[in-house]
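1. Using only what follows, build the 3D model:
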Amino acid sequence: MFCRVATTMLLSAYWHGFHPGYYLSLMTIPLSLWVETEASTTFRTRLGIRGQRIWDWLHCVLKMRAYDYMSVGFLLLSFEATTKYWHSICYIYYVFCAVVLALSYCCKQRGLDHMHNASRNDTAVKKMSM
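-> Here you go, the predicted model:
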């Protein structure tokens, strides 16, 4: 999926023109979609109905802030101006993405270890009952 989205965004940036800001902004979208998918499968699925509604609202707000972040490339157009602005706000969107991916990975590892231990315990209980 990542390669298909990246290819689509690359072609879209080319279609918009030759300004580097287009490429910087549109090539952020595959990362965004990856982070969204990881976060939803790791965290949202563990929530109840009320938690999922809160998650959806928060997701909508954060997605709009991501669009704000990415739109800077369309407004400033140049590589230098876009990266200078992103640097002035400490590349906050990329930092946020890295933190979400790290948390997702840690939760998945912990969940997998927990499930692995539970299945080993189930196997031990079955052997003892035989």
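
2. Can you get me a residue count around Ala13?
-> Residue neighbour count, defined by other C-beta atoms under 10 Å, stands at 21 for Ala13. Every residue, glycine included, has its C-beta placed from N, CA and C.

3. Who are the packing partners of the helix or strand containing it?
-> In the assignment (DSSP states H and E), Ala13 maps to helix 2-16. Contact partners of helix 2-16 among helices and strands, from 3 or more C-beta pairs under 8 Å, 6 or more residues apart in numbering; DSSP states H and E: helix 20-26, helix 29-42.

4. Just the mean pLDDT for stretch 35-51, thanks.
-> If you average the pLDDT over stretch 35-51, you get 93.

5. Tell me where the model's unsure across the protein.
-> Filtered on pLDDT under 70, the chain yields the residue ranges 112-130.

6. let's see it at 80
-> Scanning the chain with the threshold set as pLDDT under 80 gives 1-2, 111-130.
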